[in-house]
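Asks: Provide a 3D model corresponding to the input given below.
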Amino acid sequence: MIKGSRFDMLAKGGYAARGIVFLLVAGLALFSGVTGGRPETKSALSTLLGQPLGRVWVGVIGLGLLGFVAWRLAQSLTDTDGHGRDAKALAIRAALFGSAITYLGVAGYALGNALFPGGASEGSGEKGLAGWIMSQPFGSYLAIAVGVGFVIGGVVTAVKGITRKFERYLRVPDNKGIVTFVCIYGLVARGVVFAVTGILFAYAGFRVDPRQAGSMGDALEWLHQLPLGSFLYIAVAVGLAAFGIYNLVEARYRIVRSPSIAEAKRSISVAG
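Replies: From the prediction side, this is the model:
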C-alpha cells in the first residue's frame, strides 16, 4: 500500500494537472479566433509547448496526470471512495477505469512531447478510438454503445453537479458560496460536452464513418451551430474553465483514502 500522505500528494497533484489542462482548453475555446487552436486537450498542450519553458511545464503536467491515472485506478480497482459492489457502483467504477485509460494517453502525449519534440502525434483520440472500434466485429454497434455510454456519463456528471453529490468527497469551507457555484457550473458544462461527444460518437457508429466521431472541439463546434449557438458556445467554454477550477478545488480539498491491495485483488477476482 502506498503511504497515505504520499498517495494524497499523488492524487491531488493529478487533480491540479487536470485542472490546468481544462483551463488551457477553455482559454483556447474562448480565444480560438486569435490563437487558431482547436479547444482540445492535445491542442492545449501543444500551445503550451510553444511558450517559454513550455516543455518543462508540459512535462510537469504529464507527470501530474500520471498521478491522476494512479488515483483513478485506485478509485476503480480498490474502491477508495466506497461505492460498493452493486450494479450502479460497478458501473461507476468501470467509468473511472475508462477515465484512467483516457488520461494515460494524455499523459503519454504530454511526456512524449516534453522529452522528444514532435515525439507524439496530435490526432483526435476520439476518431482514432472510433476507427479501432469499427474495425472490430459488429464495430458500428459497439461505437453506438460507446456513444451512449458517453451520453450517460455526461448526464451523470451534470447530475453530480446539480445535486451537489461531489460535496461528499470534499471538505470545502465555503459550502454555500461562490466556490460551490463554480463547481456546479463546471460539472454541468463538462457533462454537456461529454453528452454531445457521445451523440457524435453514436452518429459515427450509425453512419459507419469514424470521421464523424467527435472530440471536445467538435462538440463545442456542434453547439456553436445551434440556435443561440454563440451564447451556448461561450457559456460552455466558460463552464470548462469552471471545471478546471473545480479540479483545483479538488486538489486542495478532496478527501483521498489510500488504496487497499486486498480490495484490488477482490475486484480483479470478481472481474475474472
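Asks: how close does Leu65 sit to Leu45?
Replies: Using Cβ to Cβ, to the nearest Å, Leu65 is found at 10 Å from Leu45. Using the backbone N, CA and C atoms, a C-beta is placed for each residue, glycine as well.
Asks: need the overlap of contacts for these two.
Replies: Taking Cβ atoms under 8 Å, 6 or more residues apart in numbering as the contact rule, Leu65 and Leu45 both touch Val21, Val106, Ala110.
Asks: in helices, which of these fall?
Replies: The helices, defined by DSSP state H, take in Val21, Val106, Ala110 from the shared contacts of Leu65 and Leu45.
Asks: top of those by neighbour count?
Replies: With neighbours taken as other Cβ atoms under 10 Å, the top of those is Ala110, carrying 31 neighbours.
Asks: so which helix or strand takes in the closest residue to it other than its chain neighbours?
Replies: Residue nearest to Ala110 in three dimensions, not counting chain neighbours: Gly62, with 3.2 Å by Cβ to Cβ, 6 or more residues apart in numbering. Applying DSSP states H and E as the criterion places Gly62 in helix 54-77.
Asks: which residue ranges form the strands in the protein?
Replies: For the chain, no strands are identified by DSSP state E.
Asks: for Arg207, state which of the ones in helices among the shared contacts of Leu65 and Leu45 is nearest.
Replies: The closest of these to Arg207 turns out to be Val106 (Cβ to Cβ; 27.0 Å).
Asks: quick one: the helices in the stretch 101-250 of the chain?
Replies: For the stretch 101-250 of the chain, applying DSSP state H, counting those that start in this stretch gives helices covering 125-134, 139-162, 178-207, 216-224, 229-253.
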